[in-house]
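Novice: could you work out the structure for the sequence below:
(one chain, ligands or ions: 1)
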Amino acid sequence: MSVLIAGNWKMYKGPAEAIEFCRAFAAPAGADVVVCPPYASLREAMSSGLTVYAQNVHWAEEGAFTGEVSAGMLLELGVAGSIVGHSERRQHFGETDETTARRAERALEAGLGVIACVGETEAERERDETEDVLRRQVSVLSPHDRLVVAYEPVWAIGTGKTATPQMAQEAHALIKSLLAAPVLYGGSVKPENAEELLSQPDVDGALVGGASLDVDSFTAICETAARLSRS
Ligand code: PGA
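Specialist: Take a look at the predicted model:
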């Protein structure tokens, strides 16, 4: 199976920078590569033939939902899928398990691919609640052949702290026992730690934030994925 690497650009790279990145980046053969630019740069990112996902998608087809984008609109643009339930959406914008589930369900129904994010906070891990949190977050998702889960421990996102390969493996095995879906690891994935994380038996790829913004580091992670896909 191909290892999937998704680059989450968050609120970085407007249209001009997106074009610059895509001109300089060539996805190595063997890995599945996706980039997730901000809405304003979706079209530019697609112009180079890369597979492009949005960072969020609403459950309604249209309506009075200021600031939101529908699955139909993304499909019309040629976008292949969307992230839903990212911890930054949960933390800063009131996203819940329920809204994440509604977004995922509608996007899948409409024909988009979905990367649904789950993961415990530092306080939850310290209280030994990781398993309960993951069970709760995964319980609202239904299996689908275009659904991928991303396990992103919140304390590892953008912090430089990474889950150990064993921690990641344990969480991924739990998620897979609850839902039949590929599971990506996310949280400070870099060229230096990609191989040990991606080599775990239940780690099917990575959702990469900071290191996906730089062509060289994103390429290095994708090359590791391509090599592991072949082995
Ligand atoms: P990071 O972000 O790689 O910068 O930790 C990952 C994510 O938020 O998806």
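Novice: make it CA atoms for all contacts and neighbour counts henceforth
Specialist: OK.
Novice: go ahead and flag the most central residue of this protein.
Specialist: The C-alpha lying nearest the average C-alpha coordinate of the chain belongs to Leu207 (CA atoms, centre = their mean; 4.4 Å).
Novice: quick check: residues of this structure near the ligand?
Specialist: Proximity of the chain to the ligand (CA under 6 Å from any ligand atom) is limited to residues Asn8, Ala156, Ile157, Gly158, Gly186, Gly187, Ser188, Val189, Leu207, Val208, Gly209, Gly210.
Novice: list the buried ones in the longest helix anywhere in the chain?
Specialist: Ranked by residue count, the top helix of the chain under DSSP state H comes out as helix 215-230. Using 16 or more other CA atoms under 10 Å as the test for burial, helix 215-230 gives 215, 217-229.
Novice: ok, now stretch 169-180?
Specialist: Buried, per 16+ other CA under 10 Å, within stretch 169-180: Gln169, Ala171, His172, Leu174, Ile175, Leu178, Leu179.
Novice: in TSV: the residues you listed, plus secondary structure and pLDDT.
Specialist: What follows is the buried residues of stretch 169-180, written out as TSV (DSSP: H, G, I helix; E, B strand; the rest coil; pLDDT from 0 to 100):
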residue	secondary structure	pLDDT
Gln169	helix	98
Ala171	helix	98
His172	helix	98
Leu174	helix	98
Ile175	helix	98
Leu178	helix	98
Leu179	coil	98
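Novice: redo the residues you listed as CSV? Include distance to Glu105.
Specialist: Formatted as CSV, the buried residues of stretch 169-180 follow (distance: CA to CA, whole Å):
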residue, distance to Glu105
Gln169, 26
Ala171, 23
His172, 21
Leu174, 22
Ile175, 18
Leu178, 17
Leu179, 14
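Novice: closest to Glu129 out of the residues you listed?
Specialist: Ala171 (11.9 Å; CA to CA).
Novice: quick one: that closest one from Val203, how far?
Specialist: Plainly put, Ala171 is 10 Å away from Val203 if you go by CA to CA, to the nearest Å.
Novice: those helices in the protein, which residues are they?
Specialist: Using DSSP H, helices in the chain cover 15-24, 42-46, 71-77, 87-92, 97-110, 122-126, 130-139, 165-178, 191-198, 215-230.
Novice: which of these sits most buried?
Specialist: Each of the helices of the chain was scored by mean neighbour count; the highest is helix 42-46, a mean of 22, by mean count of other CA atoms under 10 Å.
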